[in-house]
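Participant: Quick one, structure for this:
(chains A and B)
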2 protein chains.
Amino acid sequence: MAQHAIVLLSGGMDSATTLALACEQGFVCHALSFRYGQRHAAELTAAAALVEALGVDDHRVMDLDLGLFGGSALTDTSIAVPDQPSAGIPATYVPARNTVFLAMALAWAEVLPSQDIFIGVNAVDYSGYPDCRPEFIESFERMANLATKAAVEGRRLHLHTPLIHLSKAEIVQVGLRLGLDYGLTVSCYNADAAGRACGTCDACRLRAKGFADAGVDDPTRYRKSPPHGTE
Amino acid sequence: MAQHAIVLLSGGMDSATTLALACEQGFVCHALSFRYGQRHAAELTAAAALVEALGVDDHRVMDLDLGLFGGSALTDTSIAVPDQPSAGIPATYVPARNTVFLAMALAWAEVLPSQDIFIGVNAVDYSGYPDCRPEFIESFERMANLATKAAVEGRRLHLHTPLIHLSKAEIVQVGLRLGLDYGLTVSCYNADAAGRACGTCDACRLRAKGFADAGVDDPTRYRKSPPHGTE
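Facilitator: Reported below is the predicted structural model:
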């Protein structure tokens, strides 16, 4: 019997690669995206295109008003997205975002039912978000296995983080091996409606460096000139 | 300087008592309720009345479409609310509900900022929900302290569960000592728009038993006759 998995899908390169990996591993994938007050909808358009390209039949987009609380450059337009690398955790950090997203995935997993959740967190070339670290993921899994009727009845949850120890360049190589079209993904925090990237935010810089280090062309479309080092 | 706390407030007797306790302890309270696809809005009306009665200035109601996943008698009208005690975890269990609610409280706590979250879970006279047990609460707190920028920077989160080891009768006594008007609360899973209770669901039965054991009158308004033993 095929195993079902929930895959958190933002529409960026990491979650797209994670979805491609989950499909390759033979899971029947159910993609979950969020309209959480982020600045632009381009990443949801990207998520929809990825789901179609990868032949995933079940994709749900949940409305989540994290803007009710504010506190992040991604959900509060009064806070600017930094265009330079920041010391410490940057303003684009969304409070408790992965906790919230994983909690929702857990709820869906229990109903489906599914015992497998994939999340494309990465603790190598990343922005220093605390909820991307292995110790957070392990702790969430332990908590989840105390939280649900499913776990109490012996159906334990497994959190899969296949990218967590990979560099961005290695992620690109995995995706290309799987035939993933990175032209469908949007990483930029400031993308315009057509999905064109700014080239200067943290997400753009990390992505560009990943493709440059992998020695392959990044199909990202930029609004202006691409970031330094990728021309 | 006054300490701020988030208090999860459903509008039922347990969360109302928890809010009264948090206020008594001197916290500046911020109440958080959810419109999560539950069957009736009477409990949100109750939450608003409680917040006013207790002089809490900040009350936010978050829309949360848990009905997107279904799987519970509380969020899926195709599943009946049991009118008899059930063996095991009942159909009113909402998958991962407290994980989801606490994740949202965590997000708000980080923004406020606040290091204190109150939740009125109870592991004595309860329906056997796994996410009301002390081991779940302790595990969530550990996870939360790895999840956020606040925790990484040393501002640890404390989860307060003042009712967790109390019987329903003891909860009633605490609330009455604090002058709480239980006539404002709605516990019933099947309440009508006016907040009148069915008298037969699990929540009604547990509540009625609590008041009976405490030897005080329950101001609950019933649609029909009250449950056996409380007349």
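Participant: For chain A, just list every one of the helices.
Facilitator: For chain A, the helices defined by DSSP state H cover A:13-24, A:42-53, A:97-111, A:134-147, A:149-152, A:168-177, A:202-214.
Participant: relative to helix B:97-111, how tilted is the third one?
Facilitator: Yep, that's helix A:97-111 we're talking about. In terms of direction (axes from the mean of the first three to the mean of the last three Cα atoms, to 10 degrees), helix A:97-111 departs from helix B:97-111 by 170 degrees.
Participant: could you give the mean pLDDT of helix A:97-111?
Facilitator: Averaging pLDDT along helix A:97-111 gives 95.
Participant: For the residue lying closest to A:N190 once chain neighbours are set aside, which residues are in contact?
Facilitator: The shortest distance from A:N190 to any non-neighbouring residue, by Cβ to Cβ, 6 or more residues apart in numbering or on different chains, is to A:C198 (4.1 Å). For glycine as for every other residue, the C-beta is placed from the backbone atoms N, C-alpha and C. For A:C198, the contacting residues are A:83, A:188-191, A:204, A:222-224, by Cβ atoms under 8 Å, 6 or more residues apart in numbering or on different chains.
Participant: now with 10 Å?
Facilitator: Listed by Cβ atoms under 10 Å, 6 or more residues apart in numbering or on different chains, the contact partners of A:C198 are A:81, A:83, A:188-192, A:204, A:222-224, A:227.
Participant: what does A:A5 give?
Facilitator: A:A5 touches A:19, A:22-23, A:25-31, A:105, A:109, A:112, A:114-118, A:158, A:160, counting by Cβ under 10 Å, 6+ apart.
Participant: Those, buried ones only, as a PyMOL selection?
Facilitator: Those of the contacts of A:A5 that count as buried under 16 or more other Cβ atoms under 10 Å in any protein chain shown are selected in PyMOL with:
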select buried, chain A and resi 19+22+23+27+28+29+30+31+105+109+112+114+115+116+117+118+160
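Participant: Next one: A:T148 from chain B, what distance?
Facilitator: As defined by Cβ to the nearest Cβ, to the nearest Å, A:T148 lies at a distance of 6 Å from chain B.
Participant: Hmm, A:E110 and that residue touching each other?
Facilitator: Yes: counting by Cβ atoms under 10 Å, A:T148 does reach A:E110; the two are 5.0 Å apart.
Participant: list the residues that contact both of the two?
Facilitator: With contacts defined as Cβ under 10 Å, 6+ apart, the residues shared by A:T148 and A:E110 are A:155, A:157, B:93, B:95-96, B:99.
Participant: can you pick the most crowded of the residues you listed?
Facilitator: B:A96 (30 neighbours; other Cβ atoms under 10 Å in any protein chain shown).
Participant: For that one, which non-adjacent residue is closest in space?
Facilitator: Among residues not flanking B:A96 along the chain, A:A107 sits closest, at 3.9 Å (Cβ to Cβ, 6+ apart).
Participant: do the strand ranked longest in chain A and chain B meet?
Facilitator: If you go by DSSP state E, chain A has its longest strand at strand A:28-35. Yes: interface with chain B: strand A:28-35 contributes A:L32 (Cβ under 10 Å from any Cβ of the partner chain).
Participant: Need the distance between the two termini of stretch A:194-209.
Facilitator: End-to-end distance for stretch A:194-209: 23 Å, by Cα to Cα, to the nearest Å.
Participant: which parts of that stretch are buried?
Facilitator: Residues of stretch A:194-209 classed as buried by neighbour count (16+ other Cβ under 10 Å): A:195-209.
Participant: Name the residues of stretch A:38-53 that are buried.
Facilitator: Using 16+ other Cβ under 10 Å as the test for burial, stretch A:38-53 gives A:38-40, A:42-51, A:53.
Participant: For it, output the C-alpha coordinates as PDB.
Facilitator: The C-alpha trace of stretch A:38-53 is given here as PDB (Å, rounded to 0.1, in the frame of the first residue of the first chain):
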ATOM      1  CA  GLN A  38       3.300  37.300   3.000                       C
ATOM      2  CA  ARG A  39       4.000  40.300   0.800                       C
ATOM      3  CA  HIS A  40       3.400  38.700  -2.500                       C
ATOM      4  CA  ALA A  41       1.400  35.900  -4.000                       C
ATOM      5  CA  ALA A  42       4.000  34.900  -6.600                       C
ATOM      6  CA  GLU A  43       5.200  32.000  -4.400                       C
ATOM      7  CA  LEU A  44       1.700  30.500  -4.300                       C
ATOM      8  CA  THR A  45       1.500  30.700  -8.100                       C
ATOM      9  CA  ALA A  46       4.900  29.000  -8.100                       C
ATOM     10  CA  ALA A  47       3.600  26.300  -5.700                       C
ATOM     11  CA  ALA A  48       0.600  25.600  -8.000                       C
ATOM     12  CA  ALA A  49       2.900  25.300 -11.000                       C
ATOM     13  CA  LEU A  50       5.300  22.900  -9.200                       C
ATOM     14  CA  VAL A  51       2.400  20.700  -8.000                       C
ATOM     15  CA  GLU A  52       1.200  20.400 -11.600                       C
ATOM     16  CA  ALA A  53       4.700  19.700 -13.000                       C
END
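Participant: can that stretch be found next to chain B?
Facilitator: No: for stretch A:38-53, no contact with chain B is found by Cβ under 10 Å from any Cβ; the gap never falls below 14.0 Å.
Participant: what do you get for stretch A:81-88?
Facilitator: Yes: Stretch A:81-88 is in contact with chain B by Cβ under 10 Å from any Cβ, via A:G88.
Participant: hmm, who's touching the lowest-mean-pLDDT helix or strand in chain A?
Facilitator: Every helix and strand of chain A was ranked by mean pLDDT, DSSP states H and E. The lowest is helix A:149-152, at a mean of 91. Contacts with helix A:149-152, where a contact means Cβ under 10 Å, 6+ apart, come from A:106, A:109-115, A:143-146, A:155-157, B:71, B:88-90, B:93-96, B:128-131, B:133, B:136.
Participant: quick one: A:E110 and chain B, what's the gap?
Facilitator: Using Cβ to the nearest Cβ, A:E110 is found at 4 Å from chain B.
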